[in-house]
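J.: sharing a model that was predicted from the sequence below.
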Amino acid sequence: MGWPFRAKEFTWEDYLAFLPQLRHVSAGRPALVLPWIQDGLEDWPSALARGRRLVEAMSREERLEPIRITSAARERIGAACGTRPIDVERLLAHYQAVRERVQQYQSLSLWQRIKDGYERIALAGVGRG
């Protein structure tokens, strides 16, 4: 399977496509991996839908340059989705963290990516008898 993201630039569309993949590491609790929700208050479908609504409430310019989203814009985005500005801030921080990790991964050579995959498998205990 190839790298799931299109070009070198990680976009909001890539982020939204990535979120459902986090489901398997969450032990059925979306709040463990989706920082804009409170534990126990949302299931996966509603948490993902709210994340999508938050992104869709941003203007095109805000999606292109999320660093420029002001506190007034966070309030507007939150109000459009029926959520708090702190949730928008958490979504932005999570997006930035995922984006940085993807960029780090993309800068690795093929051998480093293979090695990283094997190390993750070993840490997870896969293949131990």
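T.: Yep, it's here. These numbers were taken from a predicted model, which means no experiment stands behind them.
J.: use CA for all of it now, contacts and neighbours both
T.: Will do.
J.: show me where this protein has its helices.
T.: 12-18, 44-56, 60-64, 71-81, 85-106, 110-124 (DSSP state H).
J.: reformat those helices as TSV; add mean pLDDT, distance to Pro35 and mean neighbour count.
T.: Output for those, formatted as TSV (pLDDT from 0 to 100; distance: least, Cα to Cα, whole Å; neighbours: other Cα atoms under 10 Å):
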stretch	mean pLDDT	distance to Pro35	mean neighbour count
helix 12-18	86	14	15
helix 44-56	86	10	17
helix 60-64	92	19	13
helix 71-81	94	15	17
helix 85-106	86	6	16
helix 110-124	66	23	12
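J.: relative to His24, which of those is closest?
T.: With distances scored as Cα to Cα, the stretch of the helices of the chain nearest to His24 is helix 44-56 (10.9 Å).
J.: just checking, what packs against that closest one?
T.: On a contact count with 3 or more Cα pairs under 8 Å, 6 or more residues apart in numbering; DSSP states H and E, helix 44-56 meets helix 12-18, helix 71-81.
J.: got those helices as a markdown table, with distance to Tyr95 columns?
T.: As requested, these are exported to a markdown table (distance: least, Cα to Cα, whole Å):
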| stretch | distance to Tyr95 |
| --- | --- |
| helix 12-18 | 7 |
| helix 71-81 | 15 |
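J.: so which of the ones you listed gets nearest Arg101?
T.: Going by Cα to Cα, the one of the helices and strands packed on helix 44-56 nearest Arg101 is helix 12-18, 11.8 Å.
J.: please name the residues that touch Gly78.
T.: Neighbouring residues of Gly78 by Cα atoms under 8 Å, 6 or more residues apart in numbering: 54, 84-85, 87-88.
J.: repeat that for 7 Å
T.: The neighbours of Gly78, taking Cα atoms under 7 Å, 6 or more residues apart in numbering as the test, are 84-85, 88.
J.: same question, Tyr95
T.: Tyr15 are the contacts of Tyr95 under Cα under 7 Å, 6+ apart.
J.: so who does Ser109 touch?
T.: Per Cα under 7 Å, 6+ apart, neighbours of Ser109: none.
J.: report the separation between it and Asp116.
T.: 10 Å (Cα to Cα, to the nearest Å).
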